[in-house]
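Peer 1: Based on what follows, work out the 3D shape:
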Amino acid sequence: MPAPAFVEALNDQIAHEFAASQQYVAVAVHYDRETLPRLAAFFYRQALEERGHALKMVQYLMDQDADVVIPAVAAPVNAFSDIVEPVRTALEQEREVTRQIEHLAKVARDAGDYQSEQFVQWFLKEQVEEVATMSDLLTTVTRSQANPLWVEEFLAREGFGGDDDEAGAPPTAGGDA
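Peer 2: Sure thing, here's the model as predicted:
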(Lines give C-alpha, C1' and ligand atoms only; values in the text may rest on other atoms or scores of the structure.)
Protein backbone atom coordinates (compact mmCIF):
# COMPACT_ATOMS: atom_id res chain seq x y z
CA MET A 1 0.00 0.00 0.00
CA PRO A 2 1.41 3.40 -0.92
CA ALA A 3 2.05 5.97 1.79
CA PRO A 4 -1.11 7.97 2.61
CA ALA A 5 0.66 11.23 1.73
CA PHE A 6 1.54 9.82 -1.68
CA VAL A 7 -2.04 8.64 -2.31
CA GLU A 8 -3.32 12.13 -1.53
CA ALA A 9 -0.68 13.77 -3.73
CA LEU A 10 -1.32 11.35 -6.61
CA ASN A 11 -5.06 12.00 -6.44
CA ASP A 12 -4.25 15.72 -6.67
CA GLN A 13 -2.04 14.99 -9.68
CA ILE A 14 -4.87 13.11 -11.37
CA ALA A 15 -6.81 16.39 -11.24
CA HIS A 16 -3.86 18.25 -12.75
CA GLU A 17 -3.55 15.72 -15.58
CA PHE A 18 -7.27 15.89 -16.42
CA ALA A 19 -7.07 19.71 -16.31
CA ALA A 20 -4.09 19.62 -18.67
CA SER A 21 -6.08 17.41 -21.02
CA GLN A 22 -8.96 19.89 -21.01
CA GLN A 23 -6.58 22.79 -21.65
CA TYR A 24 -5.13 20.98 -24.64
CA VAL A 25 -8.62 20.39 -26.04
CA ALA A 26 -9.28 24.14 -25.72
CA VAL A 27 -6.01 24.89 -27.55
CA ALA A 28 -6.86 22.36 -30.27
CA VAL A 29 -10.29 23.94 -30.75
CA HIS A 30 -8.66 27.35 -31.08
CA TYR A 31 -6.37 26.08 -33.84
CA ASP A 32 -9.24 24.20 -35.50
CA ARG A 33 -11.23 27.45 -35.64
CA GLU A 34 -8.20 29.19 -37.14
CA THR A 35 -8.08 26.50 -39.86
CA LEU A 36 -4.71 25.19 -38.71
CA PRO A 37 -5.48 21.47 -38.79
CA ARG A 38 -2.00 20.15 -38.01
CA LEU A 39 -1.66 22.33 -34.92
CA ALA A 40 -5.16 21.26 -33.90
CA ALA A 41 -4.33 17.58 -34.40
CA PHE A 42 -1.11 17.95 -32.42
CA PHE A 43 -3.01 19.37 -29.43
CA TYR A 44 -5.86 16.85 -29.69
CA ARG A 45 -3.16 14.13 -29.41
CA GLN A 46 -1.63 15.96 -26.46
CA ALA A 47 -5.05 16.04 -24.77
CA LEU A 48 -5.38 12.28 -25.16
CA GLU A 49 -1.86 11.78 -23.83
CA GLU A 50 -2.59 13.82 -20.69
CA ARG A 51 -5.83 11.89 -20.16
CA GLY A 52 -3.79 8.71 -20.50
CA HIS A 53 -1.38 9.93 -17.84
CA ALA A 54 -4.29 10.50 -15.47
CA LEU A 55 -5.57 6.99 -16.17
CA LYS A 56 -2.11 5.49 -15.55
CA MET A 57 -2.22 7.13 -12.14
CA VAL A 58 -5.73 5.81 -11.53
CA GLN A 59 -4.58 2.29 -12.46
CA TYR A 60 -1.61 2.50 -10.09
CA LEU A 61 -3.86 3.44 -7.19
CA MET A 62 -6.30 0.66 -8.06
CA ASP A 63 -3.44 -1.85 -8.34
CA GLN A 64 -2.27 -0.76 -4.90
CA ASP A 65 -5.79 -1.03 -3.42
CA ALA A 66 -5.70 2.69 -2.59
CA ASP A 67 -8.58 5.15 -2.81
CA VAL A 68 -9.05 6.86 -6.16
CA VAL A 69 -10.70 10.28 -6.30
CA ILE A 70 -11.86 11.43 -9.73
CA PRO A 71 -11.89 15.20 -9.43
CA ALA A 72 -13.70 18.13 -10.89
CA VAL A 73 -11.39 20.43 -12.80
CA ALA A 74 -11.38 24.18 -13.37
CA ALA A 75 -12.36 25.47 -16.78
CA PRO A 76 -9.46 25.89 -19.20
CA VAL A 77 -8.47 29.11 -20.93
CA ASN A 78 -10.52 29.20 -24.12
CA ALA A 79 -9.62 32.53 -25.74
CA PHE A 80 -6.24 33.35 -27.20
CA SER A 81 -5.01 36.53 -28.84
CA ASP A 82 -2.81 34.97 -31.52
CA ILE A 83 -1.19 31.69 -32.60
CA VAL A 84 1.68 31.99 -30.11
CA GLU A 85 -0.27 32.37 -26.87
CA PRO A 86 -1.71 28.82 -26.81
CA VAL A 87 1.75 27.25 -27.18
CA ARG A 88 3.17 29.60 -24.55
CA THR A 89 0.32 28.48 -22.26
CA ALA A 90 1.12 24.84 -23.04
CA LEU A 91 4.82 25.29 -22.25
CA GLU A 92 4.00 26.98 -18.93
CA GLN A 93 1.60 24.14 -18.17
CA GLU A 94 4.25 21.48 -18.91
CA ARG A 95 6.75 23.25 -16.69
CA GLU A 96 4.19 23.32 -13.88
CA VAL A 97 3.39 19.63 -14.37
CA THR A 98 7.12 18.91 -14.13
CA ARG A 99 7.22 20.65 -10.74
CA GLN A 100 4.14 18.66 -9.67
CA ILE A 101 5.68 15.33 -10.70
CA GLU A 102 8.92 16.24 -8.93
CA HIS A 103 6.80 16.89 -5.82
CA LEU A 104 5.25 13.42 -6.16
CA ALA A 105 8.73 11.87 -6.29
CA LYS A 106 9.75 13.81 -3.17
CA VAL A 107 6.61 12.78 -1.26
CA ALA A 108 7.24 9.12 -2.11
CA ARG A 109 10.93 9.31 -1.21
CA ASP A 110 10.32 11.20 2.04
CA ALA A 111 7.73 8.57 3.03
CA GLY A 112 10.08 5.70 2.19
CA ASP A 113 7.50 4.56 -0.40
CA TYR A 114 9.94 3.08 -2.92
CA GLN A 115 7.32 1.44 -5.14
CA SER A 116 5.57 4.77 -5.63
CA GLU A 117 8.90 6.50 -6.21
CA GLN A 118 9.63 3.92 -8.92
CA PHE A 119 6.19 4.50 -10.44
CA VAL A 120 6.86 8.25 -10.71
CA GLN A 121 10.18 7.78 -12.55
CA TRP A 122 8.50 7.20 -15.92
CA PHE A 123 6.56 10.45 -15.56
CA LEU A 124 9.74 12.39 -14.72
CA LYS A 125 11.35 11.10 -17.91
CA GLU A 126 8.19 11.92 -19.88
CA GLN A 127 8.23 15.51 -18.64
CA VAL A 128 11.70 16.12 -20.06
CA GLU A 129 10.28 15.21 -23.48
CA GLU A 130 7.09 17.24 -22.98
CA VAL A 131 8.92 20.44 -22.01
CA ALA A 132 11.41 20.06 -24.86
CA THR A 133 8.62 19.48 -27.40
CA MET A 134 6.61 22.51 -26.28
CA SER A 135 9.73 24.67 -26.15
CA ASP A 136 10.63 23.71 -29.73
CA LEU A 137 7.05 24.28 -30.86
CA LEU A 138 7.00 27.71 -29.20
CA THR A 139 10.17 28.67 -31.08
CA THR A 140 8.64 27.49 -34.36
CA VAL A 141 5.29 29.21 -33.83
CA THR A 142 6.98 32.45 -32.76
CA ARG A 143 9.13 32.45 -35.90
CA SER A 144 6.07 31.71 -38.03
CA GLN A 145 3.67 34.18 -36.48
CA ALA A 146 3.52 36.24 -39.69
CA ASN A 147 2.54 33.15 -41.68
CA PRO A 148 0.94 30.35 -39.61
CA LEU A 149 1.00 28.05 -42.61
CA TRP A 150 4.76 27.71 -42.08
CA VAL A 151 3.97 25.96 -38.79
CA GLU A 152 1.56 23.67 -40.58
CA GLU A 153 4.26 22.88 -43.15
CA PHE A 154 6.81 22.26 -40.39
CA LEU A 155 4.47 19.86 -38.58
CA ALA A 156 3.73 17.99 -41.81
CA ARG A 157 7.37 17.78 -42.84
CA GLU A 158 8.88 16.88 -39.47
CA GLY A 159 6.10 14.64 -38.10
CA PHE A 160 6.59 16.73 -34.98
CA GLY A 161 5.16 15.34 -31.77
CA GLY A 162 3.94 12.15 -33.42
CA ASP A 163 6.19 9.77 -31.45
CA ASP A 164 3.88 7.77 -29.21
CA ASP A 165 6.56 5.40 -27.92
CA GLU A 166 5.57 4.60 -24.35
CA ALA A 167 8.04 1.80 -23.71
CA GLY A 168 8.16 1.11 -20.02
CA ALA A 169 5.02 3.13 -19.34
CA PRO A 170 2.78 2.11 -16.44
CA PRO A 171 -0.50 0.47 -17.41
CA THR A 172 -3.52 2.62 -18.19
CA ALA A 173 -6.90 2.16 -16.48
CA GLY A 174 -9.36 0.89 -19.07
CA GLY A 175 -6.59 -0.43 -21.30
CA ASP A 176 -5.87 1.88 -24.21
CA ALA A 177 -9.35 3.43 -24.03
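Peer 1: what's the least confident helix or strand in this structure, going by average pLDDT?
Peer 2: helix 149-158 (a mean of 92; mean pLDDT, DSSP states H and E).
Peer 1: What is that helix packed up against?
Peer 2: Counting contacts by 3 or more Cβ pairs under 8 Å, 6 or more residues apart in numbering; DSSP states H and E, helix 149-158 is packed against helix 37-63, helix 114-143. Quick note: C-beta positions are derived from backbone N, CA and C, even for glycine.
Peer 1: For residue 16, find the nearest of the ones you listed.
Peer 2: Of all the helices and strands packed on helix 149-158, helix 37-63 sits nearest to residue 16, with 8.4 Å by Cβ to Cβ.
Peer 1: Identify each buried residue in the next helix or strand after the closest one, please.
Peer 2: Following helix 37-63 in sequence order, the next helix or strand is helix 85-110 (DSSP states H and E). Of all the residues in helix 85-110, those buried under the rule 16 or more other Cβ atoms under 10 Å are 86-91, 93-94, 97-98, 100-101, 104-105, 107-108.
Peer 1: cool, stretch 113-123 as well?
Peer 2: By neighbour count on 16+ other Cβ under 10 Å, the buried set for stretch 113-123 is 113, 116, 117, 119, 120, 122, 123.
Peer 1: One more: stretch 130-142?
Peer 2: So, applying 16+ other Cβ under 10 Å, buried residues of stretch 130-142: 130, 133, 134, 136, 137, 138, 140, 141.
Peer 1: again with stretch 58-77
Peer 2: So, applying 16+ other Cβ under 10 Å, buried residues of stretch 58-77: 58, 59, 60, 61, 64, 66, 68, 73, 76.
Peer 1: residues in contact with the last one?
Peer 2: Going back to what we said before, that points to residue 76. 19, 22, 23, 25, 26 (Cβ atoms under 8 Å, 6 or more residues apart in numbering).
Peer 1: swap the cut-off to 10 Å and go again
Peer 2: If you count contacts by Cβ atoms under 10 Å, 6 or more residues apart in numbering, residue 76 has them with 19, 20, 21, 22, 23, 24, 25, 26, 27, 29, 89, 93.
Peer 1: any idea how far it lies from residue 30?
Peer 2: Distance of residue 76 to residue 30, given as Cβ to Cβ, to the nearest Å: 10 Å.
Peer 1: any shared contact partners between those two?
Peer 2: With Cβ under 10 Å, 6+ apart, residue 76 and residue 30 have common neighbours residue 89.
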